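J.: here's a sequence, model it:
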Amino acid sequence: MITFPKPTVEQFFRTYVITGFDVSADEERLVFSTNLDGNMNLWAMDLPATYPYLFAHQDESCSFVKFDPKSRYVLTGFDKDGDENHHIYAIPYDGGIPKPVVTGDPEEKFIFTDLSDDGERIYYITSEENSSFLNTRVRNLENDSDTLLHIGEVSPTSLVAVSENEEAFVYLQTFANTFIPGFVKMGDETYNLTPDPEKVHVTFEPVFVDDKTIYFVTDYESEYKYVAKFDLENKEFSRVLSIEQESVEQMKYNKENNTLFLVTENGVTDSLYRYDLDSGNLTNLSAPVDIIYQINVTKAGNLYILGTSAAVPPNIFQSKDGEHWKQLTNNRVLGVNTDDMVEPDVVSYKSFDGMEIEALLYRAKPENDNGYTVFWPHGGPQAAERKSFYSMFQCLLNRGYTIFAPNFRGSTGYGSSFIKLVEQDWGEGPRLDCIAGIEWLFEKGIADRDKLFLIGGSYGGYMTLLLHGRHPEYFKACVDVFGPSDLFTFVNSVPDHWKPIMERWLGDPERDKKRFIRDSPVTYLDSMTKPMLVIQGAHDPRVVKAESDNIVAKLEEKGRDVDYMVLDDEGHGFSKKENEIKVYKRMLDFLEQHQG
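T.: Numbering: from 1, shown residues only. Prediction:
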């Protein structure tokens, strides 16, 4: 009888990502962004057939996909090697070579926001002439005229919704991730969506159900985000729907049935709902995945979602009733079924001040367990570790590592007050939450004190550097993936449209000088004695290469064991499959090298 070996790590490398999609008005074609051929490109399926074919070849990350309502073209956005300076392109309806339609200086951003119902006008925001606060413009595709609609002031300002008659426009002003008031502009008049725009709250996902009525999501005077309404005729705000202990994160409107479809976040999982605006009935639908990245609803009321679970790579699903789902894509791990992968346990522990911290614990299978644990602080910081598929996690688990991922203070999914706890406190409360989690692992006998590794990316990379510098005794070796190393340089090197929000998010380097020194990893170079692997994208616009160059150079001057890997054609992540494979192999080899 033929027998086969256990799945290898390399098999987990061969999953692909899906980052976004759209469906044509007649639901006969679906276009999605994926690295199916190794680089990010657009692929399509002619429904009901699900065989994918290459739709547009650009080898770059795609920011959105949008079908022309009259099926003449498809709009999309591409950047260059991860620089996040997206420009807007059009592709023939049957696929082909992308043609730039809203573009300019390669250093500027041109970000799609809306397309008129007749497909003849593109609304977009741009950094051109206003890099800090952004301007809103509309491009007429019939005569190629371009009109300035709004000049951003005070804070980065984004157009997010346009009424059907194209006379009313909803804008959001971003002062922080937790402070995003909205307003509607109609002619020369401007009205706030919420009663007091000075109160710290967020507004997002606005939809015009008619030219005078706007539904949107907010946490105005609430711990959790809910559905609200603004009556443009009477200038009235009202609460519509809240779901206990859950935050509404996505909302789509179906005009034909006067129905809202909602995706809510509750800790490490999502839920899907249908809300009938006529009857007020709320129905909890059966989602095929734990995490929903994107939801589309067609005129016929059919649902399409892009989602994932811890042991299920991202896939696109279709449903006519929200209960029965057809999987359209077949993204899976090469030769590996879900039984060969690991689902996390949801655990919680008390932090240094008694606060309850939730975490995901991925336990290596007993027959595979190598005795080592990886501590993973997530990025953001105002994000969360959730039941999403990570090929890196499954690679580590395949090699026998247990993984612990805490949702320290500042994480999303646990209420507005919890999210705000990281603001102007990047390096104290969250760090102590991490240390409490590590001690909990030791107390429970889950991890050994001499067998703990530390890996993190972005803010998680910052936390990796800081934990290494302040608590080196806990770790055998550390892997930093594009993490800020010096808060003084980081605060001044972020993209221009981030700079207005940095004071509330991180602080002021002059006023908060002592805290910036205390919370900067470079302050603790003398105690960074453990072996390190540092990974950086050369075109990263969020955490620039100089942040990693700086820490590596300083540690090398001290004769420390530092391995530095720079990806010349990547930004803040890995869009190219071969780069991702190189990173994972290097990381796994590094951990294996420093066992024992």
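J.: so who does residue 115 touch?
T.: For residue 115, the contact set (C-beta atoms under 8 Å, 6 or more residues apart in numbering) comprises 66, 68-69, 75, 121-123. The way it works is simple: take the backbone N, C-alpha and C, and place the C-beta from them, glycine included.
J.: could you dump those to TSV with pLDDT, distance to residue 343 and neighbour count?
T.: Shown next, in TSV, are these (pLDDT from 0 to 100; distance: C-beta to C-beta, whole Å; neighbours: other C-beta atoms under 10 Å):
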residue	pLDDT	distance to residue 343	neighbour count
66	98	35	20
68	97	41	18
69	95	41	14
75	98	38	22
121	97	47	18
122	98	43	23
123	98	42	20
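J.: kindly indicate which of the residues you listed lies nearest residue 204.
T.: residue 123 (16.7 Å; C-beta to C-beta).
J.: surely the closest one touches residue 113?
T.: Yes - in this structure, residue 123 is within contact of residue 113 by C-beta atoms under 8 Å, at 4.9 Å.
J.: now do the shared contacts for these two.
T.: When C-beta under 8 Å, 6+ apart defines a contact, the residues bordering residue 123 and residue 113 alike are 136, 159, 162.
J.: those residues in helices, which ones?
T.: Taking DSSP state H, every one of those sits outside helices.
J.: now intersect those residues with the strands, please.
T.: Per DSSP state E, strands hold the following members of these: 136, 159, 162.
J.: make a markdown table out of those residues and add distance to residue 489, pLDDT and neighbour count.
T.: Converted to a markdown table, these look like this (distance: C-beta to C-beta, whole Å; pLDDT from 0 to 100; neighbours: other C-beta atoms under 10 Å):
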| residue | distance to residue 489 | pLDDT | neighbour count |
| --- | --- | --- | --- |
| 136 | 32 | 97 | 25 |
| 159 | 32 | 97 | 24 |
| 162 | 39 | 97 | 22 |
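J.: from these, pick the one nearest residue 245.
T.: The closest of those to residue 245 turns out to be residue 159 (C-beta to C-beta; 32.2 Å).
J.: measure the closest one to residue 190 for me?
T.: Distance of residue 159 to residue 190, computed by C-beta to C-beta, to the nearest Å: 13 Å.
J.: do the same with residue 584
T.: Residue 584 is 50 Å from residue 190, by C-beta to C-beta.
J.: likewise residue 16?
T.: 44 Å.
J.: which of these two has more neighbours?
T.: Counted by other C-beta atoms under 10 Å, residue 16 and residue 190 do not tie: residue 16 has more neighbours, with 19 against 11.
J.: helix or strand: which one has the more buried one?
T.: Counting by DSSP states H and E, no helix or strand carries residue 16.
J.: returning to what we had before: export the contacts of residue 115 as a markdown table, with columns for secondary structure.
T.: Compiled in a markdown table, the contacts of residue 115 are given as follows (DSSP: H, G, I helix; E, B strand; the rest coil):
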| residue | secondary structure |
| --- | --- |
| 66 | strand |
| 68 | coil |
| 69 | coil |
| 75 | strand |
| 121 | strand |
| 122 | strand |
| 123 | strand |
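J.: turn these into CSV, columns for distance to residue 294.
T.: Formatted as CSV, these follow (distance: C-beta to C-beta, whole Å):
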residue, distance to residue 294
66, 12
68, 19
69, 19
75, 16
121, 24
122, 20
123, 20
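J.: could you point out the longest helix of the protein?
T.: Under DSSP H, the chain gives helix 577-593 as its longest helix.
J.: that helix packs against which elements?
T.: Packing contacts for helix 577-593, counted by 3 or more C-beta pairs under 8 Å, 6 or more residues apart in numbering; DSSP states H and E, involve helix 9-13, helix 391-398, strand 478-481, strand 532-537, strand 562-567.
J.: sounds good, over and out.
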